[in-house]
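>>> have a look; sequence and predicted model below, questions after that.
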Amino acid sequence: MIEMDCTCVQKHHSIPTEVIEVSEHAIEKTAEILKDYHRIFLVADENTYEVAGRRAEERLREAGLLSHSLVLPSPALPNAENIGKVLMEAGRDREVYDINAWSLNPDYILAVGGGSINDTCRMVSYRLGIPYGVLGTAPSMDGYASVVAPLLNGRKKIVYNCSIARHIIIDLSINAQAPYPLLLSGVGDMIGKYIALLDWEISRELNGEYYCEKIAGMVKEATDQCMAAAPALEDRSLEAIRATSEGLILSGECIAFCGSSRPASGTEHMIGQTWEVMDVEEGKVPNLHGIEVGEGVFTAMEIFRRLYGEIEEGTVKNLIEKYLPAFDKIEALQKVLKLPFTVTDRARFVEGVLRGRTFRERYTILQYLYDRGKLEEYAEAVYDTVMEKYFHQTFKEEFPEWEG
Ligand SMILES: [Zn+2]
Ligand SMILES: [Zn+2]
């Protein structure tokens, strides 16, 4: 359990995570870290099984802790089909079938992979009441320690409550080998925190929403850490991978401390996730989460800058002003990093902004503009600015092969 006292109304924050191991050969410690469990069910996809699953499986088997493994076909999206597969394969039949007994459940689920496998296992863990942990293979998103998971149900993406990982194991040498788009995805997910924090502060002022100063400060720290490390990711320096992984984990912890993703997900996630959903609706495999969110960040930034130039002095203007230096930093980072964009079509871009407002129940600047009859005008205007200032290249042209 990780806990801290606080000055906010919650007074105390805690999460059930027991171990966070981020080190160069962390995978070798898997059995030692999980020694209190005896029927571990390992879940990976074809790619993550190759890079980490097989080795973890060996270590667990040697220690007598492994129940069995399931390897899903890649890319293994966190959808109802894969969640169903994990659920069906979670238990083992007893040697002699007993009509009065339940199947033999594992006592632990170990997710080996990035966001998709993690989200899939988190849901099954929550539904079956079995603890789970993650052996992360890429610093691609901040969901390792999160409390919720956006899951694909049919052609809809719905945010469900899920279990929090008991153990987070990050092997830096494995993570350093992750495909570059996954590393960029991690950065895209993190730079958005400034937007999320600004939305949160605005809602506190306008709606009296719960706000925690300490958590907001920690998320800001995690974001700064990831942004400072980002330029060195291309060279795959272990220190950059470590800083990024730790920043992402800290951001996830803050979500869990808060009890909602409010500190880490605002306008940028509502827009980015709407674009993901639009892909799903059309039967396509959505792009990486942090890449969609990254484009959402530049969109949200330009919305805020435009609003700043238009509104009268007051609380909202003052709050935006506080974040303008952070926006400048993100803009400068994009010149170096060149995060790829996935949505370049005007109609699609605008639809994402308009529908993004209601992606989930959360007050953001999108609702603020909608209430004043300005959202459509902003979506159209910001499209031009974003394409002109930041558009680098489309994702799939440069990286035709990726796994989520
Ligand atoms: Zn607090
Ligand atoms: Zn995210």
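Thanks, I have it. Residues are numbered from 1 along each chain as shown. Ligands and ions are numbered 1, 2, ... in the order given.
>>> for the chain, what lies in contact range of ligand 1?
The interface of the chain toward ligand 1, taken as C-beta under 5 Å from the ion, is made up of 6, 8, 10, 212, 214. Yep, even glycine has a C-beta here, placed from its N, CA and C like the rest.
>>> output those residues as JSON lines; include the columns secondary structure and pLDDT.
Output for the residues of the chain next to ligand 1, formatted as JSON lines (DSSP: H, G, I helix; E, B strand; the rest coil; pLDDT from 0 to 100):
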{"residue": "6", "secondary structure": "coil", "pLDDT": "96"}
{"residue": "8", "secondary structure": "coil", "pLDDT": "95"}
{"residue": "10", "secondary structure": "coil", "pLDDT": "93"}
{"residue": "212", "secondary structure": "coil", "pLDDT": "97"}
{"residue": "214", "secondary structure": "helix", "pLDDT": "97"}
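>>> can you pick out the most distant pair from these?
The largest separation in these, counting by C-beta to C-beta, is between 10 and 214 at 9.8 Å.
>>> next up, phi/psi of the residue in the stretch 201-350 of the chain positioned nearest to ligand 1, please.
Per C-beta to the ion, residue 212 is where the stretch 201-350 of the chain lies closest to ligand 1, at 3.3 Å. With angles defined as degrees, to the nearest 10, residue 212 sits at phi -120, psi 120.
>>> residues contacting it?
When contacts are counted by C-beta atoms under 8 Å, 6 or more residues apart in numbering, residue 212 touches 6, 8, 10, 13, 257, 258, 263.
>>> among those, which ones are buried?
Among the contacts of residue 212, those classed as buried by 16 or more other C-beta atoms under 10 Å are 8, 10, 13, 257, 258, 263.
>>> tell me the SS of the last one?
The assignment at residue 263 comes out as helix when based on DSSP: H, G, I helix; E, B strand; the rest coil.
>>> which residues touch it?
193, 196, 197, 200, 212, 215, 216, 219, 251, 254, 255.
>>> same check, this time on residue 389
By C-beta under 8 Å, 6+ apart, the contact list for residue 389 reads 298, 302, 331.
>>> the last one - how many residues pack around it?
So that's residue 331. 15 (other C-beta atoms under 10 Å).
>>> ok, now how distant is it from residue 6?
33 Å (C-beta to C-beta, to the nearest Å).
>>> again, but for residue 308
Per C-beta to C-beta, residue 308 is found 31 Å from residue 6.
>>> do residue 181 as well
Distance check for residue 181 against residue 6: by C-beta to C-beta, it reads 37 Å.
>>> just the strands in the stretch 151-300 of the chain please.
All strands of the stretch 151-300 of the chain, identified by DSSP state E, counting those that start in this stretch, fall at 156-161, 167-171.
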